[in-house]
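S.K.: Okay, sequence plus prediction incoming.
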Amino acid sequence: METVKIKNLHLGKGMPKIIIPIMGKTLQEMSHELSEAKQEKPDMIEWRADAFLHVNNIEKVLRSLAEIRKLIDDIPLLFTFRTYKEGGRKEVTLNYYEELLSQVIESGCIDVIDVELYMEQTITERLIQCARQNNVIVLMSNHDFQTTPANGDMLARLIAMQETGADIVKLAVMPQNEEDVLRLLQVAAKMKSTYAQKPFITIAMGPLGILSRIGGEVVGSAASFGSAIQASAPGQITAVELRYMLQTIHRYSK
Ligand SMILES: O=C1C[C@@](O)(C(=O)O)C[C@@H](O)[C@@H]1O
């Protein structure tokens, strides 16, 4: 499997990496979140721009992005606009999604861009191309906030995302019972043993899903999201707790 190098970070190698999401509505809130987040020494910071009050104004997004970049020094930065249908806070048109992501990619301020699998194919293709031209890593994602699809379906989505040319792929699902969590872990293990060509991230959300957030070392999931001030998805634990558990598992799995 290929690993992905983002600044000093080597995704897909060693202990699963810790990503802290920032969910502030204003730059002031985000500055506060970022100073807390930095103390946890995250491997990456995710700006969940769909939570930003002014996300409908690209100028304001770019200005805030430049400020965020300054505040986090050289910590790798992931930009995410999570669409409403995949659990995000705001709804925008497809045209706006593409325009926003393109300008953010071209800003020179980010390292990684989240692109959702279920977009119009032409949009994903253009965004991937734009990212390539600007040396930005593509993290392709898919979220099911209601259910945990059949194993074959989950595996097919991960493989489809790999085939689009993305550098990293991510699947988050909602378990309804313990078996669903185990199925997600099974799919991850299958991905690791048989299909993964690129680093992947698999998450079972909600309170039942905790094993998936800490078990990446075992089943091959390359990173996990942990909060500093606000969780960005149900079931997310704090970055401090996450680090402790990931390190413990890492130490004993050698
Ligand atoms: O896709 C993901 C994963 C996530 O939904 C989680 O469950 O931790 C959190 C989001 O911020 C991120 O974009």
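M.R.: Here it is on my side, so go on.
S.K.: Name the residues of stretch 164-180 that are buried.
M.R.: When burial is assessed from 16 or more other C-beta atoms under 10 Å, stretch 164-180 yields the following buried residues: 166-175, 180. Heads up, the C-betas are built off the backbone N, CA and C, glycines and all.
S.K.: what helices or strands is the host helix or strand of Q162 leaning on?
M.R.: In this assignment (DSSP states H and E), Q162 forms part of helix 151-163. When contacts are defined as 3 or more C-beta pairs under 8 Å, 6 or more residues apart in numbering; DSSP states H and E, helix 151-163 sits against strand 137-144, strand 168-173, helix 178-190, strand 200-204.
S.K.: can you put these in a markdown table and add distance to V55 and mean pLDDT?
M.R.: Shown next, in a markdown table, are these (distance: least, C-beta to C-beta, whole Å; pLDDT from 0 to 100):
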| stretch | distance to V55 | mean pLDDT |
| --- | --- | --- |
| strand 137-144 | 18 | 98 |
| strand 168-173 | 21 | 98 |
| helix 178-190 | 30 | 98 |
| strand 200-204 | 23 | 98 |
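S.K.: export the ones you listed to CSV and tack on distance to the ligand?
M.R.: Output for these, formatted as CSV (distance: least, C-beta to the nearest ligand atom, whole Å):
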stretch, distance to the ligand
strand 137-144, 5
strand 168-173, 5
helix 178-190, 12
strand 200-204, 5
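S.K.: Make CSV out of the ones you listed and add distance to M30.
M.R.: Putting the helices and strands packed on helix 151-163 into CSV (distance: least, C-beta to C-beta, whole Å) gives the following:
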stretch, distance to M30
strand 137-144, 20
strand 168-173, 22
helix 178-190, 31
strand 200-204, 23
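S.K.: Return the residues of the chain in contact with the ligand.
M.R.: With C-beta under 6 Å from any ligand atom as the criterion, the chain meets the ligand at residues 21, 46, 48, 80, 82, 141, 170, 172, 203, 205, 225, 232-233, 236.
S.K.: I'd like those written out as TSV, with distance to H54 added.
M.R.: Shown next, in TSV, are the residues of the chain next to the ligand (distance: C-beta to C-beta, whole Å):
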residue	distance to H54
P21	18
E46	18
R48	14
T80	16
R82	16
S141	23
K170	26
A172	26
I203	28
M205	27
F225	24
S232	18
A233	22
Q236	25
